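# only geometry, no sequence info:
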């Protein structure tokens, strides 16, 4: 027994033309997951390389910029704990979007959408992380609470050049030179910004029907990322310029990574990945292709189990194609 894909109402909301071959139910993780992963094996290897680079960037020391006594006026804010702890960032910036991707997969069973959304998200956060930490280490800007990191007892000391001679904990001093840009903010805008782009395509925010309520849905992740950035200033871990630069960096990288796999959200086919439509065109040009999941011809499956009017439209389109190619 072959189960149908989403109900008609759901299909009209989240998909394109109603008379297209529905590949979502046929190209699942079980039937095509290994093939899709092998196709992008080099991308996954690059992801591993980015992860290694990210680890190295967090181990090495940043540039210890000259910090003179007159500069301390803006660097005497108190040391506070993080309102948003470091361990929480991957939860809402990576795992939360993946949970949303899985929900859409459970509905449409489209392996291309699931694989490419996860791959694009991971690229967005890792590229953002590498760029952020590389810039942090190169710039070496002191944090707003640098004075108390450098002089925890409040007794400041400087060399003959006027540069600080810190006697605080090495880890605090090292972290104190990583203000620009904000890593919390850049990761938040990379992950949650990617999620906003994904949702805007899926719920067709730009369908020109004026449903402003849809905008509220896609603005929620952006709002959460903004609040994380604000918390970094409130905790005196970053200057406002650090947060602004981090947010802009994360959002730009997320947009580039999203557009590698999906059409722009305002596009008529912005609800699905490019790979889905390529597979769709291949199935139309090769109607006798056997579905690996059940061993049945895709053409037979779609014409036998589709409503009569859709099957008739498919036969009519096939006749037109034959006439245009000169076969009739």
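Sure thing, it's come through. Keep in mind that this is a model prediction, so the values were computed, not measured.

# So residue 150 sits against residue 175, correct?
No. Here residue 150 does not reach residue 175: they are 11.4 Å apart, not a contact under C-beta atoms under 8 Å. In this view, the C-beta of every residue, glycine as well, is placed from N, C-alpha and C.

# Count the neighbours of residue 206 for me.
15 (other C-beta atoms under 10 Å).

# ok so, going back, what about residue 150 and residue 175, which has more around it?
More crowded of residue 150 and residue 175, by other C-beta under 10 Å: residue 150, with 23 against 17.

# ok, and the closest non-adjacent residue to that one?
Closest residue to residue 150 apart from its sequence neighbours, by C-beta to C-beta, 6 or more residues apart in numbering: residue 166 at 3.9 Å.

# tell me which element the one you found is part of?
Under DSSP states H and E, no helix or strand contains residue 166.

# And it, how far from residue 153?
In this view, residue 166 and residue 153 are 11 Å apart by C-beta to C-beta, to the nearest Å.

# Just the buried positions in the helix or strand where residue 220 lies, please.
Remark: residue 220 resides in helix 212-234, with elements defined by DSSP H and E. Of the residues in helix 212-234, 214, 218, 221, 222, 224, 225, 226, 228, 229, 231, 232, 233 count as buried by neighbour count, 16 or more other C-beta atoms under 10 Å.

# Residue 166 and residue 153: who's more crowded?
The residue with more neighbours, out of residue 166 and residue 153, is residue 166; 20 against 8, by other C-beta under 10 Å.

# Surely the more buried one and residue 173 touch.
Yes. When contacts are counted by C-beta under 8 Å, residue 166 is listed as touching residue 173 (5.1 Å).

# how far does the helix ranked longest in the chain sit from the chain's center?
Determined from DSSP state H, the single longest helix within the chain is helix 111-139. Relative to its chain's centre, helix 111-139 lies at 7 Å (C-alpha atoms, centre = their mean, to the nearest Å).

# Could you do stretch 225-245 as well?
Averaging C-alpha positions (C-alpha atoms, centre = their mean) puts stretch 225-245 21 Å from its chain's average.

# Give me the distance between the two termini of it.
Stretch 225-245 has an end-to-end distance of 13 Å (C-alpha to C-alpha, to the nearest Å).

# Please give me every residue in contact with residue 214.
Applying C-beta atoms under 8 Å, 6 or more residues apart in numbering to residue 214 gives the contacts 200, 203, 204, 205.

# What subset of those is buried?
For the contacts of residue 214, buried by 16+ other C-beta under 10 Å: 200, 203, 204, 205.

# helix/strand/coil for the closest residue to the first one other than its chain neighbours?
Read that as residue 200. Nearest non-adjacent residue to residue 200, counting by C-beta to C-beta, 6+ apart: residue 265, 4.0 Å away. Counting by DSSP: H, G, I helix; E, B strand; the rest coil, the backbone at residue 265 sits in coil.

# isn't residue 265 right up against residue 205?
Yes. Counting by C-beta under 8 Å, residue 265 does reach residue 205; the two are 6.3 Å apart.

# re the thing from before, and which of the buried residues of helix 212-234 is nearest residue 69?
Using C-beta to C-beta, residue 233 comes nearest to residue 69 of the buried residues of helix 212-234, at 24.4 Å.
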